[in-house]
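*Asks:* I would like to see how this sequence folds:
(one chain, ligands or ions: 1)
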Amino acid sequence: MHDDTPPNTPTRRRFLEQTFAGLGVGLIACTGRAQQSRVVAPGTGYQASENLPEGPVGRPEPEHDQELPQDASEQLGWAVAGLGHFAQNYAIPGIARARRAKLTGLVSGNATKAQRVARSYGLGNDAIYDYGTMDRLADDDDVDVVYVITPNSVHPELVVKAFEAGKHVMCEKPMANSPAECQRMIDAARAAGRKLMVAYRAHFEPHNVAAKRLFDAGELGDVWFAMSDHHRPLNPDHERDQWRMQKPIAGGGSLVDIGIYALNGIIWLFGETPSRILASINSPPDDVRFTEVEAFSRVQLEFPSGRAAALTSGYTGSKKRIDLVGSKGTATLDPATEYRGDRLVIHTPEGADEVHPDKESDAQFTDEIDHLCQAIQEGTEIRTPGEMGLRDVRLIEAIYRSAELGRWVDVAPDGSLRDA
Ligand code: NDP
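*Replies:* Just a heads-up that it's a prediction; the model follows:
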């Protein structure tokens, strides 16, 4: 019989509230904060405390919706290498807002730009390095971590230099353009006894984290299939997209740049690495943007458990979506991996419910940065270590190989090709 219960009825809300309370995920829309007993001023709706002081006094510590920053002496100093679009708009503001981090250095090939950024964040010129003087970071005790945010082909050289200077490293995705380079970075981290994290921000994005918890708790039922589409237009008029059109620098097209979110996301959510891959790539004819790199990838994944997934990536339009198709409910992240405004909706036969985690999407930047700081300060595990970056670069290699061969390829649990 058809159920006419409208979405978001009390019953459905109670179901989601119970589900999420157990999972430690807040639902802003469904759960009100407990109100304290207050005197309401007639006609104003204003709620005043009964015992307000008449003059200036000390008051108790208020409740904090957010954790307070660590004392500056405990915060770790971060230097950012490569002051491009993502660094200036997201990474550096993220460091400035993080609890456990502070910006203490800049590495740039453009001195004028570096000086402007340094001034904006209260740094002196002595905090600025260029790519040739990075080794002097070894003498800079104010820098604990180097965050490498350059074009992909430049990551390995700077990451290794940072380790040689004795620093910990956060490296942007994709980690490098070949498995051998990823391995070199991991070896350098081991030799230095320092931590290496790949900046897979979705692992810290509250809606993605909520979807992962729902999946792990079995709330979606049996999930045998998932889809993910990640597309964004490549604009040659933008400085940041010029190197993305050059294969030796970018390493590939939409697959390595944005399809990696689909690949890494599905593997993370499923908790397993695919064992078989079938892929194809193509581009619109006569489009100069795609002389060296592909516009589109279409990838089928099969997993050891019997699960399957279909991924696409593209460079001509906008879409960032993940669907986990479950027997009890389908979790749809749409958008899944924007910088702000990600959404999670659970579709069941009764209707659709939106999940509102208790943090906004842009908490992903601060939480990611604090996560590495905590791992350094407390010796805890890194959720997205260099080995994960290496696995994904191996899988990308296998995807391109499948596209080249035009058939399924088998891959090992570490992501490397078993044949061909
Ligand atoms: P941009 O081109 O805007 O910035 C790259 C910066 O790297 C440049 O401004 C420059 O900084 C420095 N650089 C060093 N060597 C070179 C070189 N040979 N050619 C060009 N620039 C060079 O790129 P994005 O900020 O968009 O991307 C940078 C990295 O961040 C990439 O690995 C990308 O995949 C990743 N990224 C991650 C995102 C995420 O959500 N996690 C989002 C966007 C990008 P300077 O002038 O200071 O030397």
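*Asks:* and the nearest residue to R97 once chain neighbours are set aside, how far is that from A96?
*Replies:* The shortest distance from R97 to any residue other than its chain neighbours is 5.1 Å, reached at T366 (Cβ to Cβ, 6 or more residues apart in numbering). The way it works is simple: take the backbone N, C-alpha and C, and place the C-beta from them, glycine included. Between T366 and A96 the distance is 9 Å, computed by Cβ to Cβ, to the nearest Å.
*Asks:* Quick check on these two: which one has the bigger neighbour count.
*Replies:* T366 (21 against 16; other Cβ atoms under 10 Å).
*Asks:* where's that one, which helix or strand?
*Replies:* Element membership of T366 [criterion: DSSP states H and E] is helix 363-378.
*Asks:* Alpha carbons of stretch 354-371, in PDB - could you do that?
*Replies:* C-alpha atoms of stretch 354-371 as PDB (Å, rounded to 0.1, in the frame of the first residue of the first chain):
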ATOM      1  CA  GLU A 354      18.000  16.200   4.600                       C
ATOM      2  CA  VAL A 355      20.800  15.700   7.100                       C
ATOM      3  CA  HIS A 356      22.200  18.800   8.700                       C
ATOM      4  CA  PRO A 357      25.400  18.100  10.500                       C
ATOM      5  CA  ASP A 358      26.300  20.400  13.400                       C
ATOM      6  CA  LYS A 359      29.200  21.900  11.400                       C
ATOM      7  CA  GLU A 360      29.200  23.700   8.100                       C
ATOM      8  CA  SER A 361      31.000  22.300   5.100                       C
ATOM      9  CA  ASP A 362      33.900  24.800   5.300                       C
ATOM     10  CA  ALA A 363      34.900  23.200   8.600                       C
ATOM     11  CA  GLN A 364      36.600  20.600   6.400                       C
ATOM     12  CA  PHE A 365      39.600  22.900   6.000                       C
ATOM     13  CA  THR A 366      40.200  23.600   9.600                       C
ATOM     14  CA  ASP A 367      39.400  20.100  10.700                       C
ATOM     15  CA  GLU A 368      41.800  18.700   8.100                       C
ATOM     16  CA  ILE A 369      44.600  21.000   9.200                       C
ATOM     17  CA  ASP A 370      43.900  20.300  12.900                       C
ATOM     18  CA  HIS A 371      43.900  16.600  12.200                       C
END
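*Asks:* In it, which residues are buried?
*Replies:* For stretch 354-371, a neighbour-count test (16 or more other Cβ atoms under 10 Å) marks 354-357, 359, 361-371 as buried.
*Asks:* Closest residue of the stretch 301-420 of the chain to the ligand?
*Replies:* Using Cβ to the nearest ligand atom, the single residue of the stretch 301-420 of the chain nearest to the ligand is Y339, 6.9 Å away.
*Asks:* State the distance from the spatially closest residue to that residue that is not a sequence neighbour to the ligand.
*Replies:* Spatial nearest neighbour of Y339, excluding adjacent residues (Cβ to Cβ, 6+ apart): Y90 at 6.0 Å. Computed as Cβ to the nearest ligand atom, to the nearest Å, the Y90 to the ligand distance reads 7 Å.
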